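In: Provide a 3D model corresponding to the input given below.
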Amino acid sequence: MGIGCLPSSPLRYVFCIFFLTLFIIQGQCRHLMLFNPSHTSFSFPNFNIKPSSEITLLGDAEVIANGESSVRICGSSPRSAGRLMYRRPVRLLQPLGPRSSVSFSSYFSFSMSSGNGDGLAFVILPRGNPLDGQWFGLSSTKGSVSRMPNLFAVEFDSSQNKEVMDINANHVGIDIESLISSKTADVSEMELILNDGTQFHAWIDYDARSKVLEVRLSKSGLIRPSAPLISHSVDLSGLWKDEMYVGISSSSGDSSQNNVVYSWSFTSSPFHRPQHSHPVNPQAFSQNRRNSFHRRANDILDIFVALLFGTGCGAMAAALTMFLVWSLFTSRFGSTSTEFAAHPVDFGYEKISVTDSKDGFDNNIK
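Out: Presented below is the predicted three-dimensional model:
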């Protein structure tokens, strides 16, 4: 008999493999369910919500009521700074395989009043990034603007700062671990002025498969522009930590520029799903509904695959359990083999005499 109740060495191996398989399956299922990057998705058509529920307001940021509630990030006075942040961390790394980024998209509408303020920026930051009073509230010292680890920002800038090599006072730029933009676009070429009080609509899309970041800008939120204002090839895989935070940050500089955000949405996914605004015309609304249907279909597919995977895991576990029980039962109760002596036994021969007598035989049968 083997160890415990296990009758043989091979069965011990089966027993060990069984529990090892269950451990691996449980770990993979938990990893897929808890760290699925597609789970981060939110949409705020307005900000008629309590700030503590899903968003965090930092510095001078505050909810204001002007028809539908919006967030004024900064602007009540010079040197004002504020930040609108999504409260929960987001995961921007693929949960399995080699280190690689997921795709993400964000849409928001905003306005900036006149003045040479710093403007605002869509930001993705690590935990613990402080709110400072200059350069979109991201830094207050000139020496730090060229080195900001794990910072990602798309700036909508209405001032020209030579320290960060701004091209003019009306541009959009992509900032990666530095406030010196890796790529910029002159908004004046679109005959737009960022700080004239107009409500603008911005789309930021990163496709992890092609490693292309695109930024779009329009006065109208009815239709997402087909041509991007900026298209930049960049691999963001090395930028992300396990947990990052998304938000919109702003500072007014030496002016009293008011920067207001009216709506905001964000989603991350292993696949590229561009964000759309919330249009009011039927054609664009139909387009948005179709996109929503595709997103729901993909979510249903994810759930179906998870259920199928879980069913397969359960079937494997049940089969291994039945095999283990059957092996234990047959080893204890099913053995009917004949017991033999422990030592060999000698066999011999004995001679038998036979008498052939017909008379004797006849007498016996009378």
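In: show me what contacts Pro89?
Out: The contact partners of Pro89, by Cβ atoms under 8 Å, 6 or more residues apart in numbering, come to 127, 243-245. In short, each C-beta sits where N, CA and C put it, glycine included.
In: looking at the residues you listed, spot the one nearest Ile64.
Out: Distance to Ile64 across the contacts of Pro89 (Cβ to Cβ) is lowest for Tyr245, with 23.1 Å.
In: am I right that that closest one is in contact with Leu151?
Out: No. At 11.4 Å, Tyr245 does not count as touching Leu151 under the criterion of Cβ atoms under 8 Å.
In: what do these two both touch?
Out: With contacts taken as Cβ under 8 Å, 6+ apart, Tyr245 and Leu151 have 124-125, 129 as neighbours in common.
In: the stretch 101-250 of the chain: strands as residue ranges?
Out: 103-112, 119-126, 152-157, 171-176, 183-186, 200-207, 212-218, 230-233, 244-251 (DSSP state E, counting those that start in this stretch).
In: one step back: give me the PyMOL select line for the contacts of Pro89, limited to the buried ones.
Out: One line in PyMOL is enough to select the buried members of these, burial here meaning 16 or more other Cβ atoms under 10 Å:
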select buried, resi 244+245
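In: want to throw the contacts of Pro89 into CSV with distance to Leu96 and pLDDT?
Out: Shown next, in CSV, are these (distance: Cβ to Cβ, whole Å; pLDDT from 0 to 100):
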residue, distance to Leu96, pLDDT
Arg127, 24, 89
Glu243, 17, 91
Met244, 19, 95
Tyr245, 23, 96
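In: can you give me the helices in the stretch 51-200 of the chain?
Out: 51-54 (DSSP state H, counting those that start in this stretch).
In: now do the contacts for Ser256.
Out: Going by Cβ under 8 Å, 6+ apart, the list of residues near Ser256 reads 75-78, 80, 115, 117.
In: and those residues, which are buried?
Out: 75, 80, 115, 117.
In: out of these, what pair is the most spread apart?
Out: Among the buried ones among the contacts of Ser256, Ser80 and Gly115 lie farthest apart (Cβ to Cβ), at 11.0 Å.
In: who touches both of those two?
Out: What both Ser80 and Gly115 touch, as defined by Cβ under 8 Å, 6+ apart, is the set 252, 256.
In: residues near Val234, how many?
Out: A total of 16 residues lie near Val234 under the criterion other Cβ atoms under 10 Å.
In: next, the buried residues of stretch 117-136.
Out: Buried residues in stretch 117-136 (16+ other Cβ under 10 Å): 117-126, 129, 131-136.
In: circling back: for the shared contacts of Tyr245 and Leu151, which one is nearest Ser233?
Out: In terms of Cβ to Cβ, no member of the shared contacts of Tyr245 and Leu151 lies closer to Ser233 than Ile124, at 18.2 Å.
In: list the contacts of that closest one.
Out: Neighbours of Ile124 in contact, by Cβ under 8 Å, 6+ apart: 90, 92, 151-153, 240, 244-246.
In: among the residues you listed, which one lies nearest to Glu214?
Out: Phe152 (14.2 Å).
In: doesn't Ser178 make contact with that closest one?
Out: No. With contact defined as Cβ under 8 Å, Phe152 does not reach Ser178; the gap is 10.6 Å.
In: which of those two has more residues huddled nearby?
Out: Taking neighbours as other Cβ under 10 Å, Phe152 and Ser178 compare with Phe152 leading, 25 against 16.
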